[in-house]
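**Student:** Got a predicted structure plus its sequence, pasted below:
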Amino acid sequence: MRTDMQYISRYNSPLGAILLAADDTGLTGLWFEGQKYFSAGLDDKCEERELPVFETAKHWLDIYFSGNEPDFTPPLNFIGTEFQKEVWEILLTIPYGRTMSYGEIAKRIAKKRGTEHLSAQAVGGAVGHNKISVIVPCHRVVGSNGSLTGYAGGIDKKIRLLELENADMSGVYVPKKGTAL
């Protein structure tokens, strides 16, 4: 159970309204309005207030949506299981304009843990529950076959974010059916 106060702020991006959430430690959420898991984990008692962490996050978003790669990361506070946090930390290492597959993330964690195999589906579940989208770039994760699957903000936003970063889109495609649609 959370004991620290939660705060929210809003940001208007070129892709739609964004809700930001933070506590006294750092940014805890960033969601496109209406996305899957919108405002997951927020208390009813959260307070709308401008904080330094929101100013930093909005500055990051201004740089990002202008088509440039920010050279800093706002203070983050991951709230989730240890496994989810492990996956989200890897998301932060995916370079701007590049992609990584769920399987690659699973292999990286398996190697770190000294095990032979880890489920790409388990990684997909953790990626899908990333509460700090865009800054923690879950949009850069694709299926091993190049399919653009599973973006809680919607497949259209995932494509636009990758295009904004000038990512190589030649090997990716939108599946005809599945979790991405």
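**Tutor:** That came in fine, so what should we check first?
**Student:** Pick out the residue closest to the middle of this protein.
**Tutor:** Among the residues of the chain, the one closest to the centroid is residue 133, at 2.8 Å (C-alpha atoms, centre = their mean).
**Student:** you'd agree that one is up against residue 139?
**Tutor:** Yes - the criterion here is C-beta atoms under 8 Å, and residue 133 meets it with residue 139 at 7.2 Å. Just so you know, the C-beta spots here come from the backbone N, C-alpha and C atoms, and that holds for glycine as well.
**Student:** Name the residues contacting each of these two.
**Tutor:** Common neighbours of residue 133 and residue 139 are listed as residue 153 (criterion: C-beta atoms under 8 Å, 6 or more residues apart in numbering).
**Student:** got the contact list for the residue nearest to the centre of the chain?
**Tutor:** Shown in contact with residue 133 (C-beta under 8 Å, 6+ apart): 30, 31, 32, 35, 139, 152, 153.
**Student:** Tell me if the fifth one really is in a helix.
**Tutor:** Translated: residue 139. Yes - assigned with DSSP: H, G, I helix; E, B strand; the rest coil, residue 139 falls within a helix.
**Student:** wait, it sits on residue 151?
**Tutor:** Yes - the criterion here is C-beta under 8 Å, and residue 139 meets it with residue 151 at 5.8 Å.
**Student:** what residues do the two have in common as contacts?
**Tutor:** By C-beta under 8 Å, 6+ apart, the residues touching both residue 139 and residue 151 are 157, 158.
**Student:** What are the buried residues along stretch 32-42?
**Tutor:** 32, 35, 42 (16 or more other C-beta atoms under 10 Å).
**Student:** May I have the beta-bridge partners of the first one?
**Tutor:** It stands for residue 32. Per DSSP bridges, the residues bridged to residue 32 are residue 18.
**Student:** in this structure, which helix has the most residues?
**Tutor:** For the chain, the helix that runs over the most residues, judged by DSSP state H, is helix 52-65.
**Student:** Mind giving me the packing neighbours of that one?
**Tutor:** Contacts defined by 3 or more C-beta pairs under 8 Å, 6 or more residues apart in numbering; DSSP states H and E place helix 52-65 against strand 7-13, strand 16-22, strand 27-32.
**Student:** Nothing else from me, thank you.
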